[in-house]
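> heads up, no residue letters with this:
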């Protein structure tokens, strides 16, 4: 079993505080017309947006649970994308290449204006979910801003955004913020047990620890070479390889784009964990050993350099093997 799409997903763990805030806003009788749902990738932002939309479209009271049976007619229509009161905006496919566009374009947002100004098809509400709002180009952002400034009666806009800093200040200032926190490791493990049945408990715990509160990231790590690559990164950190050992690692993880990206992501994430837990004074035993090799600030610079190496290698199609060797040499201090 794999994780369902956000519009089809009845599961949401770890975001009770955000749900309470929403329910309190509804109970006040002054529900804001636009909400900006933010937080790191893969923690359930879009899943929450569809959960809020379903409850509103189903006519749930402000004190009723947001959970809904997947057999409910509203749940089924939202999951199928056929509910007349809901519209989703996200990056569409390019007509020529058929690949996902890098941006949400203005025509997709103009369609929202037409949708909101129609008479509600079911109930009194019309809900728009903009999934990946940070991908709107300038014209699309300007078109959305006009809707935020003059929202039609009964309209609700839910903007799902990984990087709110990329949105214009004028848009952020007209939305009420709903920031989601990373999930607890136990919640990530629980969701992994539901979605990836063949993972044994130690593997689930490892994936949950590496995921840093993101079930989306945990699922990515659990697929394909994820578990093996996580073990490889752990071995690298236990004994930073040099010489022939470093070359062997570079040969293995530099074989293709996917392996390189996964290895570098995990390596940078592990270094970030050293910095973060070192700053908090809560490093585990191995992180404490690494902190004897260089300061927290020094590891922070290593993280920045690893990020630059990965970014430039992927952007300009540079030699992946040499990039891995450069990163390992940097970490080893040679």
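Thanks, I have the structure now. This is a predicted model, so every value here is computed, not measured.
> distance check, the residue nearest the centre of the chain against residue 57.
Centroid-nearest residue in the chain, with CA atoms, centre = their mean: residue 41, separated by 1.2 Å. From residue 41 over to residue 57 the distance is 26 Å, taken as CB to CB, to the nearest Å. For every residue, glycine as well, the C-beta is placed using N, CA and C.
> burial measure for residue 85, as a count.
Per other CB atoms under 10 Å, the neighbour tally for residue 85 reads 23.
> run through the residues that contact residue 207.
For residue 207, the contact set (CB atoms under 8 Å, 6 or more residues apart in numbering) comprises 188, 192, 199, 218, 221-222, 226-227, 230.
> wait, isn't the residue nearest to the centre of the chain in contact with residue 216?
Yes: Residue 41 lies in contact with residue 216 (CB atoms under 8 Å); the separation is 6.0 Å.
> picking up where we left off before, what's the most distant pair in the contacts of residue 207?
188 and 227 (14.8 Å; CB to CB).
> who's more crowded, those two?
Between residue 188 and residue 227, residue 188 has the larger neighbour count (other CB under 10 Å), namely 30 against 16.
> where in the chain is pLDDT low?
1, 98, 119-123, 334 (pLDDT under 70).
> can you do 50?
Applying pLDDT under 50 to the chain picks out no residues at all.
> got the residue ranges for the strands in it?
With DSSP state E as the criterion, the chain has strands at 34-38, 86-89, 126-131, 155-161, 176-179.
> the closest residue to residue 148 other than its chain neighbours: what's it in contact with?
Computed as CB to CB, 6 or more residues apart in numbering, the closest residue to residue 148 that is not its neighbour in sequence is residue 174, at 4.2 Å. Under the criterion of CB under 8 Å, 6+ apart, the neighbours of residue 174 are 34, 145, 148-149.
> what separation do you get for residue 174 and residue 44?
24 Å.
> what helices or strands is the lengthiest helix in the chain leaning on?
When the chain is parsed with DSSP state H, its longest helix is helix 257-280. Contact partners of helix 257-280 among helices and strands, from 3 or more CB pairs under 8 Å, 6 or more residues apart in numbering; DSSP states H and E: helix 226-238, helix 243-253, helix 285-290, helix 296-316, helix 320-332.
> mind doing that once more with 6 Å?
Applying 3 or more CB pairs under 6 Å, 6 or more residues apart in numbering; DSSP states H and E, one finds that helix 257-280 makes contact with helix 226-238, helix 243-253, helix 285-290, helix 296-316.
> tell me where the stretch 51-200 of the chain has helices.
Taking DSSP state H, counting those that start in this stretch as the test, the helices found in the stretch 51-200 of the chain are 73-80, 106-116, 138-149, 169-172, 185-195.
> quick one: those helices as TSV, columns for distance to residue 255 too.
Listed next are the helices of the stretch 51-200 of the chain as TSV, based on distance: least, CB to CB, whole Å:
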stretch	distance to residue 255
helix 73-80	39
helix 106-116	38
helix 138-149	39
helix 169-172	42
helix 185-195	27
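> so the nearest residue to the residue nearest to the centre of the chain once chain neighbours are set aside versus residue 38, what's the distance?
For residue 41, ignoring the flanking residues on the chain, the nearest one in space by CB to CB, 6+ apart is residue 162 at 5.1 Å. As defined by CB to CB, residue 162 lies at a distance of 7 Å from residue 38.
> those two: who's more crowded?
Set residue 162 next to residue 38 and count neighbours by other CB under 10 Å: residue 38 wins out with 22 against 16.
> next up, the contacts around residue 139.
By CB atoms under 6 Å, 6 or more residues apart in numbering, the contact list for residue 139 reads residue 106.
> against residue 157, how distant is it?
Per CB to CB, residue 139 is found 18 Å from residue 157.
> same thing with residue 142?
Residue 142 is 15 Å from residue 157, by CB to CB.
> ok, the two, which is more surrounded?
The neighbour count for residue 142 versus residue 157, taken as other CB under 10 Å, is higher for residue 157 (25 against 15).
> do I have it right that residue 62 meets residue 26?
Yes: using CB atoms under 6 Å, residue 62 is in contact with residue 26, at 3.7 Å.
> list the residues that contact residue 100.
If you count contacts by CB under 6 Å, 6+ apart, residue 100 has them with residue 91.
> can you check the one 3 residues further on too?
Residues in contact with residue 103 (CB under 6 Å, 6+ apart) are 135, 137.
> separation between it and residue 227?
Counting by CB to CB, the gap from residue 103 to residue 227 is 35 Å.
> kindly report the same for residue 78.
34 Å.
> neighbour count winner among residue 62 and residue 26?
Using other CB under 10 Å as the criterion, residue 62 and residue 26 rank with residue 26 on top: 18 against 15.
> how close does that one sit to residue 63?
From residue 26 across to residue 63, the span is 9 Å (CB to CB).
> and residue 299, by the same measure?
Residue 299 is 48 Å from residue 63, by CB to CB.
> surely residue 320 and residue 260 touch.
Yes: the criterion here is CB under 6 Å, and residue 320 meets it with residue 260 at 4.3 Å.
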